[in-house]
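Chemist: Could you look at this predicted model? Sequence included:
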Amino acid sequence: MTGIGTVAALEFRLRLQTGRWRWLLGSWFVVLALIAMLIRLAVREDVVGSEVVSYTGSFMFGGLMLVVLGLALLISPTLASQSVNGDRERGTLAPLQITNLTSWDLTLGKLVASWGTALVFLLVTTPLAVWCLFEGGLSVGRVVVVYAVMALLMGVVCALALGLSAWTGRTTTSSVLSYLTVFALTAGTAIVFGLLLAVTADTVEDQVTGQTYSYTQSRPDRIWWILAPNPFIVLADAAPETPTTTIRLPDGTLVESRQDADLLGALSQEARLLRQRPEVFIPGNEVPASPAEPGPVWPYGLGFRLVLAAGALLLTERRLRTPAGVLPTGQRVA
C-alpha cells in the first residue's frame, strides 16, 4: 500500500503543477448548475386528486446525472490515456522501475491517481444533488447508489485508458483508442443493437376469418445483452425506485403514486422490457398469456465492464514488469 500511495502522490503532483484545475472545476460546476436550473424550470408539478404531487427533485436528479455521466465519459479517458506511454516518452518511468516499487505498485498507483482525479469532478456535483433532495421526491438512498455506480463506471474508463496507454507506444494512439473504446461501449452498443434488431426478428403467420397473413415481430429479448454494457443503461437500471407518495382522492380513497417521468426510472423500465418475451397467444383464448416479469439488466452490464477493467489492469501490470525482456517495436526503456 505504501508503494501505491507513493506512485499516486507523484501522479497527483504532476497533475497539479498547472493552476488550471481550479478554473476547470469551477467551469464544470457552473455548467452543470445552469443545466440543473434549466431542468428545474422545465418541471411542472402534477395534480393528483385534490393534492399537488412534487417529484421535481427526482426529475432534476435523473436528468442531471445523465448529463454528468456523458461529460465524465469525455473527461475520464484523458486522465489515464497517457499515463504510461507519456512517462516513457518523458523518460520518467524507468527511474521508478529501478526502485523497490513493484509493477503492481505502478499500475494501481496510476489508477488511483487518475480515478481519484475523476472522482473530484464527481464530488463537485454533490451540492447540486443536495439541491435536488430539497426539491422533494428523491431519497438519500437513491442518491448514494447512483453516485456509487457512477464512481465505478468512471473507474472502469480510467482502467481501460490506462491499459491502452501501457499497450501502445504513442500517446496519440492511446488517446484515440480510449475514446473509440468509450464510443463502442456507449453509442456503439446502441448502433449494433438497432442493426441486429431487424436481423433477429421473427415472421409470424396468423389467420383471421379464414385469411392468412404474416407480420414481422421484433425479438429484443434475444439481443438485450448487447445494450447491457452501455453505461447509461447500467446507471439507470441500478438506481433504486423513486419513493411513493400517498394521495387522497376526492372520494377519500388513498392511492400510492410514483413518478413516471423520472428519466432514470423511465430508461430502466425500457431496458428491462427488452428482456421480456413477446406475448404468447393461447389457442382458444383472446387474452394473451402474461409474460414473466423481466429481471434487471445492470448486473450483467456492470459485471462485463468490471471484467474489462480487470483485464486492462493485468495488461498494464504485465507491460510494467522489470526486467522487460523483449520490448515492443519502437518502445524504449527510458
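Modeler: Sure thing, it's come through.

Chemist: Give the residue spans of the stretch 1-150 of the chain that score low on pLDDT.
Modeler: Within the stretch 1-150 of the chain, the stretches with pLDDT under 70 are 1, 16-19, 44-54.

Chemist: Can you show me the helices along it?
Modeler: For the stretch 1-150 of the chain, the helices defined by DSSP state H, counting those that start in this stretch occupy 2-15, 20-42, 56-80, 85-90, 94-97, 103-124, 126-135, 140-167.

Chemist: mind checking which of these is nearest Ala190?
Modeler: Taking CB to CB as the criterion, helix 56-80 is the member of these that comes nearest to Ala190, at 13.4 Å. All C-beta spots, glycine's among them, are computed from the backbone N, C-alpha and C.

Chemist: Turn the helices of the stretch 1-150 of the chain into CSV, including distance to Thr322 and mean neighbour count.
Modeler: Conversion of the helices of the stretch 1-150 of the chain to CSV gives the following (distance: least, CB to CB, whole Å; neighbours: other CB atoms under 10 Å):
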stretch, distance to Thr322, mean neighbour count
helix 2-15, 14, 16
helix 20-42, 32, 13
helix 56-80, 21, 22
helix 85-90, 13, 19
helix 94-97, 5, 15
helix 103-124, 7, 21
helix 126-135, 41, 17
helix 140-167, 13, 22
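
Chemist: which stretch among the ones you listed comes nearest Leu264?
Modeler: Distances from Leu264 to each of the helices of the stretch 1-150 of the chain were compared using CB to CB; the minimum, 4.1 Å, belongs to helix 56-80.

Chemist: thinking again about what came up before, can you redo the helices of the stretch 1-150 of the chain as CSV with distance to Pro278?
Modeler: What follows is those, written out as CSV (distance: least, CB to CB, whole Å):
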stretch, distance to Pro278
helix 2-15, 51
helix 20-42, 35
helix 56-80, 29
helix 85-90, 49
helix 94-97, 58
helix 103-124, 40
helix 126-135, 38
helix 140-167, 30
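
Chemist: Any idea which of the ones you listed gets closest to Glu270?
Modeler: With CB to CB, the closest approach to Glu270 among the helices of the stretch 1-150 of the chain belongs to helix 56-80: 13.4 Å.

Chemist: thinking again about what came up before, of all the helices of the stretch 1-150 of the chain, which lies closest to Thr186?
Modeler: Relative to Thr186, the nearest member of these by CB to CB is helix 56-80, separated by 6.6 Å.

Chemist: now for the closest one, which elements pack on it?
Modeler: The criterion is 3 or more CB pairs under 8 Å, 6 or more residues apart in numbering; DSSP states H and E, and the helices and strands that helix 56-80 contacts are helix 20-42, helix 103-124, helix 126-135, helix 140-167, helix 171-183, helix 231-238, helix 263-273.

Chemist: quick revisit: what about the helices of the stretch 1-150 of the chain, which gets the closest to Ser214?
Modeler: Between Ser214 and those, the shortest separation by CB to CB is 39.4 Å, and it involves helix 56-80.

Chemist: Let me know the angle separating the closest one from helix 126-135.
Modeler: The directions of helix 56-80 and helix 126-135 differ by 170 degrees, with axes from the mean of the first three to the mean of the last three CA atoms, to 10 degrees as the criterion.

Chemist: And helix 56-80, how far out from the chain middle?
Modeler: The chain centroid and the centroid of helix 56-80 are separated by 9 Å, computed with CA atoms, centre = their mean, to the nearest Å.

Chemist: Going forward, the N-terminal residue is numbered 24.
Modeler: Taking 24 as the first residue, the last one we looked at is helix 79-103.

Chemist: what is the orientation angle of that helix with helix 286-296?
Modeler: Using the same axes, to 10 degrees, helix 79-103 lies at 80 degrees relative to helix 286-296.

Chemist: Just give me the neighbour total for Phe327.
Modeler: Neighbourhood size, Phe327 [other CB atoms under 10 Å]: 16.

Chemist: what does the helix or strand containing it contact?
Modeler: When secondary structure is defined by DSSP states H and E, Phe327 falls within helix 321-342. Here helix 321-342 makes contact (CB atoms under 8 Å, 6 or more residues apart in numbering) with 107, 126-127, 130-131, 133-134, 172, 175-176, 178-179, 182-183, 185-190, 208, 248, 250-254, 256-257, 260-261.

Chemist: tell me the average confidence for that helix?
Modeler: Averaging pLDDT along helix 321-342 yields 93.

Chemist: likewise stretch 207-222?
Modeler: In the prediction, stretch 207-222 has an average pLDDT of 91.

Chemist: just stretch 174-182 next, same as before
Modeler: Per-region confidence: stretch 174-182 scores 95 on mean pLDDT.
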